[in-house]
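Chemist: curious how this folds, go ahead:
(one chain, ligands or ions: 2)
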Amino acid sequence: MPLFETVKDMGHEQVLFCHGKNPPIKAIIAIHNTSLGPAMGATRLYPYVSEEDALTDVLRLSRGMTYKAACANIPMGGGKAVIIAHPQQKTPELLKAYAGFINNLNGQFITGQDINLTPEDVRVIREQTKYVVGGEEKSGGPAPITALGVFLGIKAAVQAHWQSRELQGLKVAIQGLGNVGKNVCRYLHEHKIKLYVSDVDPAKTAEMQQLFNATVVSNQEIYSQDVDIFAPCALGGIINQQTIPQLKAKIIAGAANNQLADEKTHSQMLTEKGITYCPDYVINAGGLINVYNEMIGYEDTKVMQQVHQIYDTLLTIFDIAKRKNITTNEAAQQLAEYRIINTKKKPNYQ
Ligand SMILES: NC(=O)C1=CN([C@@H]2O[C@H](COP(=O)(O)OP(=O)(O)OC[C@H]3O[C@@H](n4cnc5c(N)ncnc54)[C@H](O)[C@@H]3O)[C@@H](O)[C@H]2O)C=CC1
Ligand SMILES: O=C(O)C(=O)Cc1c[nH]c2ccccc12
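Modeler: Ligands and ions are numbered 1, 2, ... in the order given. Here you go, the predicted structure:
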């Protein structure tokens, strides 16, 4: 699709193509919507196969951030950035050059750590720009809060799907046991849920087997497990034409961004199959909630209250979907767009 057609279709305000020769840098910063405040979104460094893939990823992720903030009642806009590079090409010079591009946006984009960036990388970026958040000592990073949000989302989906509060005895398949996935496992195990896990890193599956008596399965088999709930906590695009027919789970509730390979087609297929899908940007808002509160002054009780809202928001979304006979994905998008139109803009964060 021609560039402006796509951007118009998805509703982005600005897309910045960042290029430099010395050091060589290619990055894209996408600002989707700043109606509620400056655009927030962490930066992902990834060796994209093509520039088209990088653009598609950043456009979808940044729009997801707009909806994420709106659904979580965070008065900020949505953006996201990708640096097209292999992790081995990551140098302090590259990160500093990238920080220069963030500065050019004068606070309209606030970023932090996503895939393939470390807290140390964020420190390097912070030397050059004030528009980065995350990695504060006191909050312990966003992942444990994201995991709590996912756990609460699972509870909401169980309530909506089976009208039940009972978690004990349920079976959950978790794909990806990184910072979020392992904490999701911990919450589920504490509630006597049986775990089935996969990860490309055998050390991580072994740890979950040992700590929580999880059953280890391969990445190919994770989709077809005879479980109640599937929790994708690794990559995007995993709900697609190939995987949907394999699913036995009745609920999809996980942290990964961009879970649906094609939002319209695949959310429709899930609805037809009677699967309750928790829209990714609603259930994984814990990370954003955490970094936003670091920015404005962290208070545990406030963060907990905002994360617990994920439960109620999901129930509202399931209810809208049922009443209007639309997918949960469409319902979440409608809720987000309603809030964006009806919320008065806050002054800029500087
Ligand atoms: N950390 C956070 O607060 C937030 C994370 N997310 C999303 O949640 C997902 C997980 O995030 P983190 O745990 O922080 O990342 P992470 O990088 O710590 O963990 C990802 C895990 O997935 C595994 N993995 C990679 N490819 C896999 C495959 N094909 N099959 C199975 N496992 C595979 C990796 O080995 C790793 O253990 C990502 O998609 C991220 O964008 C979304 C919102 C907030
Ligand atoms: O939920 C996402 O995809 C995020 O990008 C959340 C997030 C994690 N760390 C950050 C730092 C600045 C802005 C957003 C985030």
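
Chemist: what about stretch 194-205, start to end distance?
Modeler: 14 Å (C-alpha to C-alpha, to the nearest Å).

Chemist: can you pull out the strands in this protein?
Modeler: Remark: strands assigned in the chain by DSSP state E are 14-20, 25-33, 39-40, 43-46, 77-84, 109-110, 171-175, 194-198, 215-216, 229-232, 251-252, 276-277.

Chemist: what's around Ala332, how many residues?
Modeler: 29 (other C-beta atoms under 10 Å). Glycine gets a C-beta too; all of them are placed from N, C-alpha and C.

Chemist: need the contact list for it.
Modeler: Shown in contact with Ala332 (C-beta atoms under 8 Å, 6 or more residues apart in numbering): Tyr67, Cys71, Pro279, Tyr281, Val282, Ile317.

Chemist: show me where pLDDT drops low in the chain?
Modeler: The chain contains residues with pLDDT under 70 at 1, 135-139, 344-350.

Chemist: burial check on the residue of the stretch 1-150 of the chain at minimum distance from ligand 2, number of neighbours?
Modeler: Going by C-beta to the nearest ligand atom, ligand 2 is nearest to Gly112 of the stretch 1-150 of the chain, at 2.3 Å. By other C-beta under 10 Å, the residues close to Gly112 number 24.

Chemist: ok, Asn183 touching Ala143?
Modeler: Yes. Using C-beta atoms under 8 Å, Asn183 makes contact with Ala143 at a distance of 6.3 Å.

Chemist: would you mind listing what in the chain touches ligand 2?
Modeler: Neighbours of ligand 2 within the chain, by C-beta under 6 Å from any ligand atom: 40-42, 68, 110-114, 133-134, 142, 257, 284, 287-288, 291.

Chemist: so which of these are also by ligand 1?
Modeler: By C-beta under 6 Å from any ligand atom, the members of those lying near ligand 1 are Pro142, Asn257, Asn284, Gly287.

Chemist: next, count neighbours for the closest residue to Val303 other than its chain neighbours.
Modeler: Excluding the flanking residues, the one nearest Val303 by C-beta to C-beta, 6 or more residues apart in numbering is Asn293, at 5.0 Å. Other residues lying near Asn293 total 21 when counted by other C-beta under 10 Å.

Chemist: ok, now Arg186?
Modeler: Neighbour count for Arg186, taken as other C-beta under 10 Å: 16.

Chemist: list the residues that contact whichever residue of the chain sits closest to ligand 1.
Modeler: Using C-beta to the nearest ligand atom, the single residue of the chain nearest to ligand 1 is Gly178, 1.7 Å away. Listed by C-beta under 8 Å, 6+ apart, the contact set of Gly178 reads Ala143, Asp199, Lys204, Cys233, Ala234.

Chemist: do the same with Leu260
Modeler: If you count contacts by C-beta under 8 Å, 6+ apart, Leu260 has them with Gly237, Ile239, Asn240, His266, Ser267, Tyr277, Asp280, Asn329.

Chemist: do that again at 10 Å, thanks
Modeler: Shown in contact with Leu260 (C-beta atoms under 10 Å, 6 or more residues apart in numbering): 60, 236-240, 244, 252, 266-270, 277, 279-280, 327, 329.
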